[in-house]
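**Q** let me see the structure of the following:
(chains A, B, C and D)
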There are 2 protein chains.
Amino acid sequence: MKLENALLSTKFSSEVQKASLNVLYSAWWLKSITSKELKDFDLTHEQYNVLRILKGKYPNQLCVKDIARRMIEKSSNVPRIIDRLEIKKLVKRTVSESDKRETLITITKSGLSILESSTSKLNKLHDCMQNLTEKEALQLNQLLEKMRQKETD
Amino acid sequence: MKLENALLSTKFSSEVQKASLNVLYSAWWLKSITSKELKDFDLTHEQYNVLRILKGKYPNQLCVKDIARRMIEKSSNVPRIIDRLEIKKLVKRTVSESDKRETLITITKSGLSILESSTSKLNKLHDCMQNLTEKEALQLNQLLEKMRQKETD
DNA sequence: CAAAATTAGATGTATATACATACATTTGTG
DNA sequence: CACAAATGTATGTATATACATCTAATTTTG
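**A** Numbers count the residues shown, from 1 in each chain, chains lettered A, B, ... in the order given. Have a look, this model is predicted:
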């Protein structure tokens, strides 16, 4: 859908301003289609993201701040997301021996299993909407990174 | 910042998958830099968005569902955002005469004034980070719309 | 035209975001 | 080594998201 139809607006002051709105809308769109799939697994987008990060380092553990650093949305409140995953026994908390301030998070067998099946479902969705070629995706990545150029590194 | 550095990850299964994460991260990045500016005006991103929509039709009024249809994030709970704007006297609610189910929302003088000054601040921010040319922005818009191609219209 | 279905908006609940603060542990410095 | 500063995590608060439910008004229909 064209942005004009999605927002019922035709008044954009420039292509640059329109691009900002387009990025925001596209992110909402992506989140909402994936969340719909994750619902079958009783996972939120953010819970899935934490599980995915933990799996990336499995069987190593990660502490809360290391997870936070890898989150897409940096202001995510990771301890609270962990709370919900822990209740569902998808992760385990242990106090770090080397630094007792740190809480180490381990993904459980159950967590790995639910991550695997949900990822496979998301990949199927992804294949269905493979509208962009790899070359176009590369171009999109370059443009987004150029947009964020001034970001404090 | 490159996505690899933002997410501390180098394992992307494809440029297409990376593009999804890049869109999500870019949206978070855009929201967080604009929210920082809006804080001076005691406005959230969503409150600002509602005011902007109302101004677009000013001096005409809009009912709640017409605002909702123009929101970037379609799942926004517009009545509650209106609640907060109403407390700050930036908008006014009136029951529609033609259809008493509808609530008509009017932006107040105070709302217009705060919108004007916050918009001018955001535009300044925008100028500072004008990294994309109009041509690149157009290309970005086209790629995002191609990505969303399968969207049910 | 009365009953059923639909629509508009408000409200409730769980989770998340954004940010502040509190507490415990660790590190740095005199 | 004591004590201040910094760090890691948990927790509190306001607002938002996502979605369900409720009420009132309107439209459809039989």
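**Q** next up, the contacts around the residue nearest the centre of chain A.
**A** In chain A, the centroid-proximal residue (Cα atoms, centre = their mean) is A:Asn49; its distance is 4.7 Å. Counting by Cβ atoms under 8 Å, 6 or more residues apart in numbering or on different chains, A:Asn49 touches A:Met71, A:Ile72, A:Ser76. C-beta here means a position set from N, CA and C on the backbone, and glycine is covered the same way.
**Q** mind listing the helices for chain A?
**A** In chain A, helices defined by DSSP state H lie at A:3-7, A:15-38, A:45-57, A:64-70, A:78-87, A:109-128, A:134-147, listed in chain order.
**Q** same list (these) but as a markdown table, adding mean pLDDT and distance to B:Leu43.
**A** Below are the helices of chain A laid out as a markdown table (pLDDT from 0 to 100; distance: least, Cβ to Cβ, whole Å):
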| stretch | mean pLDDT | distance to B:Leu43 |
| --- | --- | --- |
| helix A:3-7 | 95 | 19 |
| helix A:15-38 | 95 | 16 |
| helix A:45-57 | 96 | 25 |
| helix A:64-70 | 97 | 27 |
| helix A:78-87 | 97 | 25 |
| helix A:109-128 | 92 | 35 |
| helix A:134-147 | 96 | 23 |
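**Q** for B:Ile33, find the nearest of those.
**A** Using Cβ to Cβ as the measure, helix A:15-38 is the one of the helices of chain A that comes nearest B:Ile33, at 10.4 Å.
**Q** in PDB, list the C-alpha atoms belonging to the closest one.
**A** Written as PDB, here are the backbone C-alpha positions of helix A:15-38 (Å, rounded to 0.1, in the frame of the first residue of the first chain):
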ATOM      1  CA  GLU A  15      10.400  13.100  -0.100                       C
ATOM      2  CA  VAL A  16      12.700  13.200   2.900                       C
ATOM      3  CA  GLN A  17       9.900  14.000   5.300                       C
ATOM      4  CA  LYS A  18       7.800  11.400   3.600                       C
ATOM      5  CA  ALA A  19      10.600   8.900   4.000                       C
ATOM      6  CA  SER A  20      10.600   9.400   7.800                       C
ATOM      7  CA  LEU A  21       6.900   8.600   8.000                       C
ATOM      8  CA  ASN A  22       7.400   5.700   5.600                       C
ATOM      9  CA  VAL A  23      10.000   4.200   7.800                       C
ATOM     10  CA  LEU A  24       7.800   4.600  10.900                       C
ATOM     11  CA  TYR A  25       4.800   3.100   9.100                       C
ATOM     12  CA  SER A  26       6.800   0.200   7.600                       C
ATOM     13  CA  ALA A  27       8.200  -0.700  11.100                       C
ATOM     14  CA  TRP A  28       4.600  -0.700  12.500                       C
ATOM     15  CA  TRP A  29       3.500  -2.900   9.500                       C
ATOM     16  CA  LEU A  30       6.400  -5.300  10.000                       C
ATOM     17  CA  LYS A  31       5.800  -5.600  13.700                       C
ATOM     18  CA  SER A  32       2.100  -6.200  13.300                       C
ATOM     19  CA  ILE A  33       2.400  -9.000  10.800                       C
ATOM     20  CA  THR A  34       5.000 -10.800  12.800                       C
ATOM     21  CA  SER A  35       3.200 -10.300  16.100                       C
ATOM     22  CA  LYS A  36       0.200 -11.900  14.600                       C
ATOM     23  CA  GLU A  37       2.200 -15.100  13.900                       C
ATOM     24  CA  LEU A  38       3.900 -15.000  17.400                       C
END
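**Q** out of the contacts of A:Asn49, who's nearest DNA strand D?
**A** Using Cβ to the nearest atom of the strand, A:Ser76 comes nearest to DNA strand D of the contacts of A:Asn49, at 10.6 Å.
**Q** confirm for me that that closest one is in contact with A:Gln47.
**A** No - using Cβ atoms under 8 Å as the test, A:Ser76 is too far from A:Gln47 to be in contact (10.5 Å).
**Q** next, the contact list for whatever residue of chain A ends up closest to chain B, please.
**A** Across chain A, the shortest distance to chain B (Cβ to the nearest Cβ) belongs to A:Ala27, at 3.2 Å. A:Ala27 is in contact with B:Val23, B:Leu24, B:Ser26, B:Ala27, B:Trp28, counting by Cβ under 8 Å, 6+ apart.
**Q** of those residues, closest to chain A?
**A** B:Ala27 (3.2 Å).
**Q** what sits against the closest residue to A:Glu134 other than its chain neighbours?
**A** Once flanking residues are discounted, A:Glu134 sits nearest to B:Glu15: 4.8 Å by Cβ to Cβ, 6 or more residues apart in numbering or on different chains. Neighbour list for B:Glu15: A:Glu134, A:Lys135, A:Ala137, A:Leu138, A:Asn141 [criterion: Cβ under 8 Å, 6+ apart].
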